[in-house]
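In: Mind folding the following:
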Amino acid sequence: MAVAILRQGAYLIASIQSDLSDSEVIELREELTELVGDYATRGIVIDVAALDVIDSFVARSLRSIVLSAKLRGAETIIVGIQPDVAIAMVQFRLNLEPLRVALDLDAAIASLDRLTRRGAVDGG
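Out: Residues are numbered from 1 along each chain as shown. Predicted coordinates for the structure are as follows:
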């Protein structure tokens, strides 16, 4: 699979290296969901900068990853959406709820720090 998954403390960072086939997207979802439980992960960052296209299947799969991770106690943030890809996603009116996005890895980590700290205080 063309995705590098690194563990950074309580977070997983999945960096997509090239366009993924549908089966690879499904495999990524399954692997991330499993790793959340294995490592008691509190957050996931998915870097999509290498993707030239985010079609409806990939968008639905990203939503599925977010929801699956949330059910297992982890927040997810998507980073690196290319400007042309963002414009196309808006034009195609892809449903991105409840995706959270950040411009880069640093912003994503800062957001996860805030989200997971709040969750720990709230007991969620």
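In: Determine whether the claim that Ile44 is in a strand is correct.
Out: Yes - looking at Ile44 with DSSP: H, G, I helix; E, B strand; the rest coil, it is inside a strand.
In: Pull out the buried residues from stretch 84-91.
Out: Under the neighbour-count criterion of 16 or more other Cβ atoms under 10 Å, stretch 84-91 has 85, 89 buried. All C-beta atoms are positioned from the backbone trio N, CA, C, and that covers glycine.
In: Distance from the chain centre to that stretch, please.
Out: 18 Å (Cα atoms, centre = their mean, to the nearest Å).
In: Repeat that for stretch 51-65.
Out: Distance, centroid of stretch 51-65 to centroid of chain: 10 Å (Cα atoms, centre = their mean).
In: For that stretch, the averaged confidence score.
Out: Averaging pLDDT along stretch 51-65 gives 91.
In: go on, stretch 23-42?
Out: Rounded mean pLDDT across stretch 23-42 is 94.
In: in that stretch, what's buried?
Out: Applying 16+ other Cβ under 10 Å to stretch 23-42 flags 24-25, 28-29, 31-33, 35-36, 41-42 as buried.
In: will you turn those residues into CSV that also has secondary structure and distance to Ser61?
Out: Shown next, in CSV, are the buried residues of stretch 23-42 (DSSP: H, G, I helix; E, B strand; the rest coil; distance: Cβ to Cβ, whole Å):
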residue, secondary structure, distance to Ser61
Glu24, helix, 10
Val25, helix, 5
Leu28, helix, 8
Arg29, helix, 6
Glu31, helix, 12
Leu32, helix, 11
Thr33, helix, 12
Leu35, helix, 16
Val36, helix, 16
Thr41, coil, 18
Arg42, coil, 22
